[in-house]
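K.L.:
Okay, sequence plus prediction incoming.
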Amino acid sequence: MQNAIEFQNVCKRYPEFYLDNLSLQLPQGQIMGLVGVNGAGKSTTMRLLMGLIQPDSGSVSVLGCKLPAQQVAVKAQIGYASDDMRMYKNETLRWHMGFIQSVYGNWDSRYAEHLLTVFDLKADQKTKGFSHGQRVKAGLLLVLARRPKLVVLDEPTTGLDPVAREEVLTELAEILRNEERSVLFSSHNTQDVEQLSDTISFLHKGKLLDSQDKEIYLDRWRRVLCTGISNAAALSLPGLVRAKQNGSLCELVFNRNPEHAVARLNELGAQISSVEPMSLEKIFVAAVKSGVHV
Amino acid sequence: MTEGLFLSQQDSRPMYLQIMEQIKQKVRAGDWPAGHPLPSIRELSVATKVSVITVKRAYTELETEGVIVTQAGRGSFVADVMDVQKTLIEAELEKYIAGLIGAGRTLGLSDNRIIELVKNALVAD
């Protein structure tokens, strides 16, 4: 299977930031969620992907085309939306739709009309009157109606109200119907990533900590509550990421081999009250706070 | 149009378990009889807004449990073994019994006392 996205040993240095030897693949037909705190390198990664900036070293390929050499050919197939994209404020959304249609051959008018309805947007309104949520949805409409093979979205649900967020997620899921289309999106909303993505890529301070099948990734992590450990901070167990103690109660977070960890804790005389899977949100916080290489 | 399932992010169980549980419920309730085709993985994924990989995992585990069968190129179906429905209800009953025994033991009740309580409840029913 062809990879929709391929980064090979990509480095990019800024005065305050260094993207460190990024290697990453997104197979066709999958959704990848890019996770990381502000400044982790998510937007830099997306800009590299769009040929907006060039790597200092390494190579970036999109849909089988090398960037930036073949970027003109491949861009017709990529749809990119980010918060800092502007529309002409004195023109209507309908005008923008006509404009994009005149540039991109595979504009799907019926789908565009469908999106107008489900996003509850007024095509004949000038965009300067749009709320933040309406601008975000209008931007997505202009991207999605082109039916791009690769959709790259920088924070697509940030700042949306719960209803708008639901509408946007529904349309992102809709992209999946076609097995040849792929999505890369970044989000601070770990719930969105957890729900929609096949692969989770975790960036931290310019380094890729992990890029893995979501089910496997989430399954590795467990939160264990127990009593009977006198000094949790002194525990040394494989995969132990975080240990907190409050009196006799201990909360331990493991990032691999939870069964083994539980067996060892039993041997140490701990009484285990629960072993729970963790949400991506909890994993995210535990990983960043403990600063470990997950 | 595929009927979605009712999944919740507030539910502490992983998504794939919720999907498995609801498919089993549909089979138990008789909504989906033996031989009934399941939605394709992609279809269910779009309908529930849950990633393909998660739905795939739910289907794989349901297959291991014998609830569904997957035929290459044709899709997945509710297993045609005798009484999947009955098997599932039996599994459910076992789960309740285990819970009952566990709760009884936690209270420090003797086995006889637990049996007595069950008998009383049966009489009262």
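P.N.:
That came through fine.
K.L.:
Is the residue nearest to A:P55 when sequence neighbours are not counted within a helix or a strand, and which one?
P.N.:
Distance criterion Cβ to Cβ, 6 or more residues apart in numbering or on different chains; nearest residue to A:P55, sequence neighbours excluded, is A:V10 at 4.6 Å. C-beta coordinates here come from the backbone N, C-alpha and C atoms, glycine included. Take DSSP states H and E as the rule and A:V10 turns out to sit in strand A:3-13.
K.L.:
Output the next helix or strand after that strand as CSV - backbone C-alpha positions only.
P.N.:
Later in the chain than strand A:3-13, the nearest helix or strand by DSSP H and E is strand A:18-27. Taking C-alpha atoms only, strand A:18-27 is exported to CSV below (Å, rounded to 0.1, in the frame of the first residue of the first chain):
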residue,chain,number,x,y,z
TYR,A,18,14.3,22.2,16.6
LEU,A,19,12.3,19.5,14.8
ASP,A,20,14.6,16.5,15.5
ASN,A,21,14.9,13.8,12.9
LEU,A,22,11.3,13.2,12.2
SER,A,23,10.4,9.9,10.5
LEU,A,24,6.7,9.3,10.0
GLN,A,25,4.3,7.4,7.7
LEU,A,26,0.6,7.6,7.2
PRO,A,27,-0.7,4.7,5.1
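K.L.:
Backbone torsions only: list them for B:G75.
P.N.:
Comment: the main-chain dihedrals of B:G75 come out as phi 110, psi -170, following degrees, to the nearest 10.
K.L.:
Ok, the one 5 residues further on next?
P.N.:
Comment: the main-chain dihedrals of B:D80 come out as phi -100, psi 10, following degrees, to the nearest 10.
K.L.:
returning to what we had before: for B:I68, see how far away the residue nearest to A:P55 is.
P.N.:
A:V10 sits 42 Å away from B:I68, going by Cβ to Cβ, to the nearest Å.
K.L.:
swap in B:L17?
P.N.:
Between B:L17 and B:I68 the distance, using Cβ to Cβ, works out to 15 Å.
K.L.:
returning to that earlier point: so for A:V10 and B:I68, which residue has more residues nearby?
P.N.:
Comparing A:V10 with B:I68 by other Cβ atoms under 10 Å in any protein chain shown, the one with more neighbours is B:I68, at 26 against 23.
K.L.:
so that one makes contact with B:G75?
P.N.:
No. The pair B:I68 and B:G75 fails to qualify as a contact (Cβ atoms under 8 Å) at a distance of 9.8 Å.
K.L.:
what's the overlap in contacts for those two?
P.N.:
Applying Cβ atoms under 8 Å, 6 or more residues apart in numbering or on different chains, one finds that B:I68 and B:G75 are jointly contacted by B:L38.
K.L.:
who in chain A is up against chain B?
P.N.:
Contact residues (Cβ under 8 Å from any Cβ of the partner chain) of chain A with chain B: A:29-31, A:169-170, A:172-174, A:176-177, A:179, A:191, A:194-199, A:213-215, A:218-219, A:276-277.
K.L.:
Can I have the buried ones of these as a ChimeraX selection?
P.N.:
To isolate the buried members of the residues of chain A next to chain B in ChimeraX, using 16 or more other Cβ atoms under 10 Å in any protein chain shown:
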select /A:29,30,31,169,172,173,174,176,194,195,196,197,198,199,213,214,215,218,219,277
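K.L.:
Let's see which of the residues of chain A next to chain B end up in helices.
P.N.:
Using DSSP state H, the members of those that fall within helices are A:169-170, A:172-174, A:191, A:194-196, A:214-215, A:218-219.
K.L.:
And A:L209, how far from A:N9?
P.N.:
Counting by Cβ to Cβ, the gap between A:L209 and A:N9 amounts to 16 Å.
K.L.:
And these two? Which one has more around it.
P.N.:
The residue with the greater number of neighbours, taking A:L209 and A:N9 and applying other Cβ under 10 Å, is A:L209; the counts read 17 against 12.
K.L.:
domains of chain B?
P.N.:
According to automatic domain parsing, chain B comprises the domains B:15-78, B:84-124.
K.L.:
Ok, which of the ones you listed comes nearest A:L225?
P.N.:
Comparing these against A:L225 with Cβ to Cβ, the closest turns out to be domain B:84-124 (16.7 Å).
K.L.:
Does that closest one reach chain A?
P.N.:
No. Looking at domain B:84-124 against chain A by Cβ under 8 Å from any Cβ, there are no contacts, and the closest approach is 12.1 Å.
K.L.:
which residue ranges form the strands in the stretch 1-150 of chain A?
P.N.:
Secondary structure of the stretch 1-150 of chain A by DSSP state E, counting those that start in this stretch: the strands cover A:3-13, A:18-27, A:31-35, A:57-62, A:65-67, A:78-81, A:150-154.
K.L.:
and these as JSON lines, adding mean pLDDT?
P.N.:
Listed next are those as JSON lines, based on pLDDT from 0 to 100:
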{"stretch": "strand A:3-13", "mean pLDDT": "95"}
{"stretch": "strand A:18-27", "mean pLDDT": "94"}
{"stretch": "strand A:31-35", "mean pLDDT": "94"}
{"stretch": "strand A:57-62", "mean pLDDT": "94"}
{"stretch": "strand A:65-67", "mean pLDDT": "90"}
{"stretch": "strand A:78-81", "mean pLDDT": "92"}
{"stretch": "strand A:150-154", "mean pLDDT": "93"}
